[in-house]
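In: here's my sequence, what's the structure:
(one chain, ligands or ions: 2)
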Amino acid sequence: MTALENLWHIGVNAVGGDASVRQSLHAHPITPPDQIIAVGKAATAMAGAAAALFPDAPVLIITKDGHADGAPPHAQVIEAAHPVPNVASLEAGASLLKTVQGCGPQSHLLMLVSGGASALAEVLEDGLTLADLTQRTQDKLASGADIHAINVMRRGLSRIKGGKLLGTFGGARVTTLAISDVEGDSLGVIGSGIGDAPNNVAFAHEARIVASNAIARQAIADAAGADVRSNAETLYDDVTALAPRIAAQLKAAESGLHILGGEPTVILPEAPGLGGRNMMLALLLAREITGRDDLQILVAGTDGSDGPTDAAGAVVDGQTWLSSGQNAIDTAAPYDWLAARHALLKPGPTGTNVMDLLIARKT
Ligand SMILES: Nc1ncnc2c1ncn2[C@@H]1O[C@H](COP(=O)(O)OP(=O)(O)OP(=O)(O)O)[C@@H](O)[C@H]1O
Ligand SMILES: O=C(O)[C@H](O)CO
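Out: Ligands and ions are numbered 1, 2, ... in the order given. Down below sits the predicted model:
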């Protein structure tokens, strides 16, 4: 493993779903819940920590396909598609609504929310079909819209988002623990507000953000110590605008480590190839730094999968663009091009999701 990959793992481990939930519940104990619900890409890890503390509570886990390994044996597990929902997302949404509505008058519900929840569980407003939902999701994802704009669309179609799910809760108390994968760490945006409560509810609601991009970056900075030159959450723009800006900053920077976080956007052509925003940014950066022998850059999603692929991102340097990757840029097909250069990172599902990290070393 390269030094940059090692640092990425340190950051990701610092925001693991299991450890984040355990630490939060240890620091601020809660009364035992009567029901545990975990929704999102980190649901299995978050639910595992809660179920170990509260073994008597029934557990519902809704997560992405292939992300359920290690789920508590007594949990009900539903796996669905991400980022574009499928029929399992509607089944998951129906189970979610039924479970919340089935909580008794005195009950305490523990909600564990992580990014990806929006696509993984849905109950549509009357008159809408799965085809409407998938089409609108695909269009928005390809348009370069950021997560705030995507989730405004999602909330408008939904009977469980934007606080509507907890609006159906008839019990006494809800505790929401959330891992943030959105700028500003707002509970109303994470999973389109699936763990948020509307105003004027009759139950007590406490919400905590237990992991975030800032926490992951700080863990990397702590591990790298005096070597760190910058640490900022500035990866919020189109990848074609970000790449030249970041490359120019790195070329002008002092030698040392640079840590950036956030979630870039990509505008896709009509029939894109295989890739994700991290791979696309890595490819564009490879072009910008071609020939430089003093720069190495890692760009990867902390959930372990970038777009609809099995890679989290890539590591590039001044040699990566030895033969041109322009065609891969034009067709939005960074995956195969980077794979051929052995530049992809494939850690598998990480049990967390705090957006993306860029770690660059200048020597
Ligand atoms: N071929 C491609 N090249 C570059 N980017 C792509 C490609 N195909 C899809 N994408 C991008 O991948 C993104 C979806 O990626 P991913 O599944 O990692 O989403 P996410 O932001 O983590 O989802 P969520 O916010 O719901 O957790 C979309 O923004 C889309 O533009
Ligand atoms: O699921 C979602 O809505 C996004 O990942 C943001 O949390």
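
In: for the chain, which segments count as helices?
Out: Taking DSSP state H as the test, the helices found in the chain are 3-14, 17-27, 43-53, 87-101, 117-120, 130-142, 147-157, 213-224, 239-252, 277-288, 326-330, 334-340.

In: closest to ligand 2 out of those helices?
Out: Closest approach to ligand 2 among these (CB to the nearest ligand atom): helix 117-120, 3.2 Å. Just so you know, the C-beta spots here come from the backbone N, C-alpha and C atoms, and that holds for glycine as well.

In: quick one: distance of the closest one to the chain centre.
Out: What separates the centre of helix 117-120 from the centre of its chain is 11 Å, taken as CA atoms, centre = their mean, to the nearest Å.

In: model confidence over it, on average?
Out: In this model, helix 117-120 has an average pLDDT of 97.

In: cool, stretch 250-269 as well?
Out: Across stretch 250-269, pLDDT averages out at 97.

In: verify the contact between Asn278 and Asp356 for me.
Out: Yes - in this structure Asn278 lies within contact range of Asp356 using CB atoms under 8 Å: 5.5 Å.

In: which neighbours do these two share?
Out: Pro264, Val299, Ala300, Gly301, Gly313 (CB atoms under 8 Å, 6 or more residues apart in numbering).

In: from the residues you listed, which is closest to Pro55?
Out: Gly301 (32.5 Å; CB to CB).

In: contacting residues for the closest one?
Out: Gly276, Arg277, Asn278, Ala312, Gly313, Asn353, Met355, Asp356.

In: so which of those residues is surrounded by the most neighbours?
Out: Gly313 (33 neighbours; other CB atoms under 10 Å).

In: wait, that one sits on Leu345?
Out: Yes - the pair Gly313 / Leu345 is scored as a contact, 5.3 Å apart, by CB under 8 Å.

In: sorry, back to before: need the max-distance pair from the shared contacts of Asn278 and Asp356.
Out: Checking these with CB to CB, the most distant pair is Pro264 and Ala300, at 12.0 Å.

In: so which of those two has more stuff around it?
Out: Ala300 (32 against 27).

In: distance to ligand 2 added to the shared contacts of Asn278 and Asp356, as CSV?
Out: Converted to CSV, these look like this (distance: CB to the nearest ligand atom, whole Å):
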residue, distance to ligand 2
Pro264, 14
Val299, 18
Ala300, 16
Gly301, 11
Gly313, 17
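
In: among the residues you listed, name the ones in strands.
Out: Residues from the shared contacts of Asn278 and Asp356 lying in strands, with DSSP state E as the criterion: Val299, Ala300, Gly301, Gly313.

In: one step back: what do Pro264 and Ala300 both touch?
Out: With CB under 8 Å, 6+ apart as the test, Pro264 and Ala300 both reach Asn278, Asp356.

In: what sits against Ala339?
Out: Ala311.

In: re earlier: for Gly191, state which of the ones in strands among the shared contacts of Asn278 and Asp356 is nearest.
Out: Nearest to Gly191 among these, with distances taken as CB to CB, is Gly301, at 16.4 Å.

In: so what pairs up with the closest one in the strands?
Out: Asp356 (DSSP bridges).

In: quickly note the distance from Ser95 to Ala121.
Out: To Ala121, Ser95 is 8 Å away according to CB to CB, to the nearest Å.

In: overlap in contacts, these two.
Out: With CB under 8 Å, 6+ apart as the test, Ser95 and Ala121 both reach Ile62.

In: neighbour count: the two, which is higher?
Out: With neighbours defined as other CB under 10 Å, Ser95 and Ala121 compare such that Ala121 has more, 32 against 17.

In: close to ligand 2: what parts of the stretch 151-300 of the chain are there?
Out: Counting by CB under 6 Å from any ligand atom, the stretch 151-300 of the chain comes close to ligand 2 at Asn151, Asp181, Val182, Ile190, Gly191, Ser192.
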